[in-house]
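1. Pasting the sequence and the predicted model now:
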Amino acid sequence: MKQSKHARRMVLVILLIYLVLVGGTAASFRADAFPRPTWRSVLNGSWCTQFERYLNEDIGFHDVLFRIKSRTDLFIGEKMIQGVYVTDDRLLEKLYAEEAPAPESLADPVNAFCAETGLPTYLVLVPSASEVYRGDLPANAVSDEQSSRIQQIYSATASGVRCIDAYQILYTHKDSYIYYRTDTHWTSYGAYLVYRSVIQKLGFTPTPYERYVIRHMTTSFRGDLYAKTLYDDVKPDLLDRYSNEDGAKITSVTAYDADGDAADRGTVLYRESALSTQDMYRYYLGTPCDKLVIRTDVESGRKLLLYKDDLADCMVPFLLEHYSEICIIDLARTGARYRAYADPSAYTQALFLCSMERWTDLW
């Protein structure tokens with residue numbers, strides 16, 4: 001009986017080899033890693049276990065099977081893979097319509113900060129692409145309505161907090177390339193559109209779009225939504241760098257961990273090495289850290305305290321045009337401890353810039 005069971009597994013494994021090689025993954029075949037069978041290992045089942053590991057790790061057979069299942073689901077009418085809606089042009093994250101904290105509780109952190117520090121305080125909550133492109137979702141899609149929730153939070157903020165409506169800006173430009181097709185982040189262009197409004201509220205004139213030289217750092221960016229679905233019929237994304245040759249020059253970049261230990265990053269903001277990894281979005285600010293202090297040659301005497309999640313990373317280069325120093329606190333890493341990382345009295349303004357999804361989870 002035991003031998004019969006292993007024999008059946010053997011037949012199955014041989015069929016799997018055939019499917020993998022015929023399925024177009026022969027180029028990934030590594031003969032040196034192939035587990036060599038013996039009569040003993042085949043009969044006791046250990047070779048099958050080794051071979052299954054080989055299929056996943058060396059040939060990526062798990063990915064092959066996942067793609068086959070996903071394609072089958074889509075073929076029979078399913079519109080969602082792993083919590084991601086698949087449309088003709090983009091992948092959209094499902095926004096679950098769960099019971100959310102009261103708007104007052106989501107406004108409390110910024111209200112308390114403004115009251116206790118007396119610092120001019122600004123709040124920008126950025127909707128997900130799924131909210132802006134709600135019309136592209138299936139008719140039966142159940143999702144959170146972020147735009148109305150953002151307005152409820154804004155209504156609950158204290159009079160000293162200035163709120164900036166990113167939703168209307170992004171919705172107005174939804175036919176432009178403002179969100180990645182395969183990732184949950186906005187593009188640099190989407191960030192620039194909101195930056196223009198934000199920086200005016202902060203008291204500056206925005207740098208004109210024409211001043212920037214735009215360089216495509218990669219044309220093959222596939223982000224976190226692709227990683228969930230492995231659906232490659234949606235066109236890969238562009239990851240852009242905006243450069244203003246006459247703009248601010250960075251004089252120092254210092255990263256701090258949770259213990260306050262500092263690491264000098266020189267005068268480099270961008271991380272070219274990230275473009276060869278699966279997390280290309282880290283190109284904008286490099287390895288995540290609890291606090292990042294960037295100093296420039298701008299002589300305005302103005303310093304910004306920025307509380308953010310990683311959505312804000314590609315907006316930082318635009319903000320740098322106006323400040324001699326920006327202290328960036330990563331709310332996704334610090335959570336409710338964010339107040340302990342910087343002395344607000346050393347800064348002239350504070351900006352809370354965060355995706356709506358993250359803001360709900362933080363508190």
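-> Okay, I see it. Keep in mind that this is a model prediction, so the values were computed, not measured.
2. Quick one: residues contacting residue 93.
-> 83, 84, 85, 128, 129, 130, 184, 225 (C-beta atoms under 8 Å, 6 or more residues apart in numbering). Where C-beta positions appear, they are placed from N, C-alpha and C, glycine not excepted.
3. I figured the fourth one was touching residue 356, is that so?
-> Yes - under the criterion of C-beta atoms under 8 Å, residue 128 makes contact with residue 356 at 6.5 Å.
4. Determine the residues that are contacts of both of the two.
-> In contact with both residue 128 and residue 356: residue 146, using C-beta under 8 Å, 6+ apart.
5. before we move on, the earlier item: in PyMOL, how would I select the buried members of the contacts of residue 93?
-> The buried subset of these, as determined by 16 or more other C-beta atoms under 10 Å, is captured in PyMOL by this line:
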select buried, resi 84+85+128+129+130+184+225
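6. of all the contacts of residue 93, which comes closest to residue 287?
-> Comparing the contacts of residue 93 against residue 287 with C-beta to C-beta places residue 184 closest, at 19.6 Å.
7. Look up how far residue 344 lies from the closest one.
-> 30 Å (C-beta to C-beta, to the nearest Å).
8. ok, back up a step: least confident of the contacts of residue 93?
-> Lowest in pLDDT among the contacts of residue 93 is residue 83, which has 84.
9. Leaving out chain neighbours, which residue sits closest to it?
-> Nearest residue to residue 83 in three dimensions, chain neighbours excluded: residue 94, at 4.8 Å (C-beta to C-beta, 6 or more residues apart in numbering).
10. Tell me, what's the model's pLDDT at that neighbour?
-> 88.
11. For it, give me phi and psi.
-> phi -70, psi 130 (degrees, to the nearest 10).
12. Isn't it up against residue 84?
-> Yes - between residue 94 and residue 84 a contact is recorded at 6.7 Å, counting by C-beta under 8 Å.
13. For the spatially most central residue of the chain, give me its contacts.
-> For the chain, the residue nearest the mean C-alpha position is residue 185 (4.6 Å; C-alpha atoms, centre = their mean). Residue 185 makes contact with 179, 223, 281, 310, 311, 314, according to C-beta under 8 Å, 6+ apart.
14. now with 7 Å?
-> 223, 281, 311 (C-beta atoms under 7 Å, 6 or more residues apart in numbering).
15. Next one: it from residue 251, what distance?
-> 28 Å.
16. in the stretch 101-250 of the chain, which spans are helices?
-> Secondary structure of the stretch 101-250 of the chain by DSSP state H, counting those that start in this stretch: the helices cover 103-117, 129-132, 146-155, 166-172, 188-201, 224-229.
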